[in-house]
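Engineer: just coords:
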């Protein structure tokens, strides 16, 4: 029988906020797994001890930020409104049911003024990783790295074309030393130093976020983006490093320095590093070997001109340091270029009467030249590892770790878009997002 609506009654009830939060709620699991008190010591130097109004508890303030990243709430205004009505959020922050929530401007002003140019976001991320190590959630046997793009808060049609200085490769000094040593070993004179003339390139620069980079990649959207570069441990997928760059920075440039930082900061000694084909350069292969790391890299298909022999059809003879062309003729070493390539030349008199010369070279002086990088042996070793059964098995693990980490960040933590403008703020976003993903994984692992 349908009854008439009864008038709403206001009854006084005695409840504890702890009773209203489910035992398996994520905030409860995180509160059990993570110790947040270290934040107070990390930010103590940013506060005045004996002057000014009482400050908002920094631990509570950062826990508010964590809630925004954990539950994908991008707007700080909306985040504060959610805390006002969400009992679980209040419990996590140590607030009563009737306690006033801070104004959203308190969050933004502290972020803009107090924590600007500080190292607090990196310190928080590092401390969470160390807590994961104490809980034995980091194996350190294998690491996997990749990058993902974040849409910058900038219109791709609003830009200026500026002649910007082209940044040299981070490996240029190392390569110069290798070229110098190689020429010396071959009895060649050192290359003359070039006059330092700044090399510039017309570049699209956003009017609203100049720090972002115009990204043009195959099968990727075009526009102004940032890149979030991550290194993930292979045991449980804990993120051990994250680093933001403009969207037009090649993946291979920051990877070695970020690996060094992760290894030095957390004192881990991995055996292998899994990387996709975007990292497959001679410099990366060589630097991994120098650090006694096994590089398992994806396959990069070489460019081949249609109608011509592939480079693999020219066989390298290690004992004589020469190449054999498909017709059995020898190409001998002549010089090492500034770019790090050893040049091997054929005999032009033999090439001139070769029946397959049109499939070999279109050179006007009838001379075939093969190049070989000074670090080519490292590339060949990496290829051999990639083709081994062990290498194939380890490379498949990459999709289950770093790629899954990015998928989780985009799907559940709103990490597809930049929340702020400017590289320092996007860096803070990447660090907090990665720290919160680590917190969630640690909490769920502890619960099971």
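Structural biologist: Ah, there it is. Predicted, not measured: the structure shown is a model, and the values here were computed from it.
Engineer: so which strand or helix has residue 343?
Structural biologist: strand 341-345 (DSSP states H and E).
Engineer: let me fix that: residue 248
Structural biologist: Residue 248 belongs to no helix or strand, assigned by DSSP H and E.
Engineer: with the one 10 residues further on instead?
Structural biologist: Secondary-structure element containing residue 258, defined by DSSP H and E: helix 252-266.
Engineer: which SSE is immediately downstream of that helix?
Structural biologist: strand 272-275.
Engineer: adjacent strands (with direction) for that next one?
Structural biologist: Using DSSP bridges, strand 272-275 pairs in its sheet with strand 142-151 (parallel), strand 294-297 (parallel).
Engineer: am I right that residue 372 sits in a strand?
Structural biologist: Yes. According to DSSP: H, G, I helix; E, B strand; the rest coil, residue 372 belongs to a strand.
Engineer: report pLDDT for it.
Structural biologist: What the model reports for residue 372 is a pLDDT of 94.
Engineer: ok, it - contacts?
Structural biologist: Residues counted as contacts of residue 372 (CB atoms under 8 Å, 6 or more residues apart in numbering) are 316, 323, 341-342, 344. Bear in mind the C-beta positions are built from the backbone N, C-alpha and C, glycine included.
Engineer: beta partners of the residue nearest the centre of the chain?
Structural biologist: Nearest to the mean C-alpha position of the chain, by CA atoms, centre = their mean, lies residue 229 at 0.8 Å. On DSSP bridges, the residues paired with residue 229 through beta bridges are residue 147, residue 243.
Engineer: residues contacting it?
Structural biologist: 145-147, 241-245, 251, 254-255, 258.
Engineer: how does it look with 6 Å?
Structural biologist: By CB atoms under 6 Å, 6 or more residues apart in numbering, the residues touching residue 229 are 147, 243, 254.
Engineer: ditto for residue 84
Structural biologist: By CB under 6 Å, 6+ apart, the contact set of residue 84 is residue 101.
Engineer: tell me how far it lies from residue 91.
Structural biologist: 14 Å (CB to CB, to the nearest Å).
Engineer: next one: residue 429
Structural biologist: 26 Å.
Engineer: again with residue 359
Structural biologist: Counting by CB to CB - residue 359 and residue 91 are separated by 74 Å.
Engineer: quick one, strands of the stretch 301-448 of the chain?
Structural biologist: 315-317, 322-324, 330-336, 341-345, 369-373 (DSSP state E, counting those that start in this stretch).
Engineer: to residue 46, which of these lies closest?
Structural biologist: With CB to CB, the closest approach to residue 46 among the strands of the stretch 301-448 of the chain belongs to strand 369-373: 48.4 Å.
Engineer: in the stretch 151-300 of the chain, where is pLDDT below threshold?
Structural biologist: 194-198 (pLDDT under 70).
Engineer: tell me where it has strands.
Structural biologist: 159-165, 200-206, 213-215, 223-233, 239-246, 272-275, 294-297.
Engineer: helix/strand/coil for residue 67?
Structural biologist: Residue 67 ends up helix, using three-state DSSP.
Engineer: that one: neighbour count?
Structural biologist: Look at residue 67: counted by other CB atoms under 10 Å, it has 21 neighbours.
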